[in-house]
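Student: I'd like to go over a predicted model; first the sequence, then the structure.
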Amino acid sequence: MASGKPMRADARRSHERLLAAAAEVFAEQGTGAALDDIAKRAGIGNATLYRHFPDRRDLVQALLAGRYDELRAAAEGSLDALEPLAALAGWLRSFIAHVTTYRGLAASVLDATRDPETELSASCQGMRNAAAKLLARAQDAGAIRSDLTITELLCVTNGIAVSAEQRPADIPRFLSLLIEGLQQHASPHGASSQAGRSSLPGRYRHWVCLPHDDPTPAPGPPHPPRGRVRAASAGWP
C-alpha cells in the first residue's frame, strides 16, 4: 500500500492474507506467478490486491522484507538459545529455504536491497548483521575457521540453494559437507581473509545483502563457466 497512513483493522487483515497467499503461490510457482492466482488464494478481489500492491515489485518487496525480518529474528533468537555451531547450521538451513523460495527475482526488485532508503534494504542489512553475530559466536567458540567472512559464508550457502532446484533432497548433505569443511580447515585466531573482497558476480550481491557502500567489485565473468550454466543462472537474476 503506497500510503504511509496506518491501515484499518480490516485492511491490515487483507494485507496479511495477501502476503501469506503470495508466499504460498511463489513457493509453488516461482515469483513469476500470476497475481490473479494470489488474490484467488487469499480469497480477496483483484481490485483489493492492487490497492495494497500496485504492481508485482511492491508485493515481492513487502514479502521479502518480512522474510528478512524473520531470518533476523531467528538469528537473534539463536544467539543464546543454542550451541554456537548448531545455531549457525540451523540458521543456514532457514536461509537456504528463503533463497530457494524466491529464486528468479527480477534484478529491479533485488536492486532495492542496495538502496539505503528502502525498507527492503534495512531488513536485508538487519538479517546480514544478525547472521554475522551467529558466525562470530561460532568462530569465538573455535567451531568455525576464524578467517571466514559473512559475505563468503552467504555466497557459499547460496551455491547450495541454487543446487536445490534440481536436487532438493541433497541439501542436508551439502550443508553438512560445508559445515564439516569449515571445521576441518580452522585457521589460527586473528587470521584475516581478503577473499570476501575479491570479484563478486552481480548475481550474488543482492542475496548476501552487501551494504550500499561496500567496495566489493562486481564485474565477474559475463557468463558462468560451461557445465555450470543452468545451476548458476537458475536462481539469480
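Tutor: Noted; the coordinates are in hand. Numbers count the residues shown, from 1 in each chain.
Student: neighbours of the closest residue to Ala27 other than its chain neighbours, just the number please.
Tutor: Nearest non-adjacent residue to Ala27, counting by CB to CB, 6 or more residues apart in numbering: Thr101, 4.9 Å away. Bear in mind the C-beta positions are built from the backbone N, C-alpha and C, glycine included. A count of nearby residues for Thr101, using other CB atoms under 10 Å, gives 18.
Student: which strand or helix spans Glu16?
Tutor: Under the criterion of DSSP states H and E, Glu16 resides in helix 9-29.
Student: now what about that helix, what contacts it?
Tutor: Outside of helix 9-29, the residues within contact range by CB atoms under 8 Å, 6 or more residues apart in numbering are 1, 7, 33, 37-39, 41-44, 48-49, 52-53, 59-60, 62-63, 66-67, 101-102.
Student: give me the helices and strands touching the strand or helix carrying Lys40, please.
Tutor: Element membership for Lys40 (DSSP H and E) is helix 35-42. When contacts are defined as 3 or more CB pairs under 8 Å, 6 or more residues apart in numbering; DSSP states H and E, helix 35-42 packs onto helix 9-29, helix 46-52, helix 56-78.
Student: got the CA positions of the first one in PDB?
Tutor: Think helix 9-29. Extracted in PDB, the C-alpha atoms of helix 9-29 (Å, rounded to 0.1, in the frame of the first residue of the first chain):
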ATOM      1  CA  ALA A   9      -8.100  -3.500  11.000                       C
ATOM      2  CA  ASP A  10      -9.900  -4.900   8.000                       C
ATOM      3  CA  ALA A  11      -7.300  -3.500   5.600                       C
ATOM      4  CA  ARG A  12      -4.500  -5.000   7.800                       C
ATOM      5  CA  ARG A  13      -6.100  -8.400   7.700                       C
ATOM      6  CA  SER A  14      -6.400  -8.200   3.900                       C
ATOM      7  CA  HIS A  15      -2.800  -7.100   3.600                       C
ATOM      8  CA  GLU A  16      -1.600 -10.100   5.800                       C
ATOM      9  CA  ARG A  17      -3.800 -12.600   3.900                       C
ATOM     10  CA  LEU A  18      -2.300 -11.400   0.600                       C
ATOM     11  CA  LEU A  19       1.200 -11.700   1.800                       C
ATOM     12  CA  ALA A  20       0.500 -15.200   3.200                       C
ATOM     13  CA  ALA A  21      -1.100 -16.300  -0.100                       C
ATOM     14  CA  ALA A  22       1.800 -14.800  -2.100                       C
ATOM     15  CA  ALA A  23       4.300 -16.800   0.000                       C
ATOM     16  CA  GLU A  24       2.500 -20.000  -0.800                       C
ATOM     17  CA  VAL A  25       2.000 -19.300  -4.500                       C
ATOM     18  CA  PHE A  26       5.600 -18.100  -5.000                       C
ATOM     19  CA  ALA A  27       6.900 -21.200  -3.300                       C
ATOM     20  CA  GLU A  28       4.800 -23.400  -5.600                       C
ATOM     21  CA  GLN A  29       5.100 -21.500  -8.900                       C
END
